[in-house]
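Trainee: Take this sequence and fold it.
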Amino acid sequence: MSSDFAFWKVCRGDPGEIFDELAEGLTAALQASSDVSGFRGELLSRWPDLVDVLEPAAEDLLEAPGDAAKYVLLTLPVGMLDRLDDILGLARRYELSGYSGVADQVL
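Mentor: Alright, predicted model coming up:
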């Protein structure tokens, strides 16, 4: 069992629809931001094992390198959910918007 959480800086459209589009690799509604890149970098610095549950994955960035600055999608297994409060705090520090796929709501 796992829970999906997405983070971005600026989006055009309904957050729920954008979240669904990310599952299909569609990122046109998202604007790139250095805050997203910073958030991604700090996540991986604090918790290197998140690389296994983070999108876009390194191989995806070979095809679309700009996506690293558009969004972060985490599929957290139950054993990693204890990090969620710290992850949300970090997202707030970077002033990112978040969306929970399980709760189907904006964070």
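
Trainee: Now tell me what touches stretch 41-52 from outside.
Mentor: Outside of stretch 41-52, the residues within contact range by Cβ atoms under 8 Å, 6 or more residues apart in numbering are 54, 58, 72, 74, 80, 83, 86-87, 90. (Glycine included, C-beta is placed from N, CA and C.)

Trainee: Rank those by pLDDT and give me only the lowest.
Mentor: The lowest pLDDT within the contacts of stretch 41-52 belongs to A58, which sits at 87.

Trainee: Name the residue closest to the centre of this structure, please.
Mentor: The structure's the chain has its C-alpha centroid closest to V72; by Cα atoms, centre = their mean the separation is 2.2 Å.

Trainee: follow-up on the earlier one: and which of the contacts of stretch 41-52 is nearest to D4?
Mentor: The shortest approach to D4 among these belongs to L74, at 7.0 Å (Cβ to Cβ).

Trainee: nearest residue to that closest one other than its sequence neighbours?
Mentor: Counting by Cβ to Cβ, 6 or more residues apart in numbering, F5 is the residue found nearest to L74 once chain neighbours are left out, at 4.9 Å.
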